[in-house]
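1. Next comes the sequence, and after it the predicted model I'd like to discuss.
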Amino acid sequence: MKAFKTFASTAIPIDIPNCDTDQIIPARFLRRAKGDPEYHRFMFHDLRFNADGSDKDFVFNKPVYSKAEILVADINWGCGSSRENAVDAMTANGIKSVIAPSFGDIHYSNCIQNGVLPIQLSGQDCATLRAQLRESPGAEIAIDLDAQSLTGPDQTTYDFDIKAFDKYRLLNGLDDVQLTQEFGAQIDAFETGYKAENSWAY
């Protein structure tokens, strides 16, 4: 996965408390491959589209947010089932970070493992950011993971916490396999020593 870099982007206010993973990607799309050219349409599908495929009046459909890479959500974002596809749908839409007062635990981990930065701020701070984004559609938020801070549309700076291990893997773009490969020399040394000590098994 790609290393997480400091960036600024248009942000989308998502005013849905307890937005679960079935809202992020409905269950009927879970068997579709990530390479499906329509995958980006699965995110918020039932909130975005009518039965005939036409657009609903939903914030995600507004052209001003077409290149947004940040979501500012409400409490308990990503609750519900553990489907990793929810993060796949987000990345298919170019989402790099979600800011919320709280997250579903498994969804939080899925974000980290797939290069999406989950940022937890207070409910009041998130409400303030969403209000500013509604008042000024297309406004940007800047995120600096190394400094563990973000800057809102009004240039107010907010600090956030993140586990050192999660920060390390995001900054270096390491998925689970790549994390293991960092210990390649130690693994090779162990295998060599084990085979020497247990040659009878080989």
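-> Alright, I've got the coordinates.

2. Show me what the longest strand seen in the chain is packed up against.
-> Criterion DSSP state E: the longest strand present in the chain is strand 7-13. Applying 3 or more CB pairs under 8 Å, 6 or more residues apart in numbering; DSSP states H and E, we find strand 7-13 packed against strand 70-72, helix 123-135, strand 140-144. C-beta here means a position set from N, CA and C on the backbone, and glycine is covered the same way.

3. State the mean pLDDT of it.
-> The average pLDDT for strand 7-13 rounds to 98.

4. That strand vs helix 123-135, what angle?
-> 90 degrees (axes from the mean of the first three to the mean of the last three CA atoms, to 10 degrees).

5. list the buried ones in strand 7-13?
-> Using 16 or more other CB atoms under 10 Å as the test for burial, strand 7-13 gives 9-13.

6. out of the residues you listed, who's nearest residue 60?
-> Closest to residue 60 out of those is residue 12 (6.4 Å), distances taken as CB to CB.

7. Who are the contact partners of the residue nearest the centre of the chain?
-> Computing the C-alpha centroid of the chain and ranking residues by CA atoms, centre = their mean puts residue 116 first, at 3.2 Å. Residues near residue 116 by CB atoms under 8 Å, 6 or more residues apart in numbering: 87, 90-91, 95-98.

8. Skip the chain neighbours and tell me the closest residue to residue 112.
-> Leaving aside its sequence neighbours, residue 112 sits nearest to residue 166 (CB to CB, 6 or more residues apart in numbering; 4.9 Å).

9. Go ahead and list the helix or strand containing the one you found.
-> Taking DSSP states H and E as the definition, residue 166 sits inside helix 164-172.
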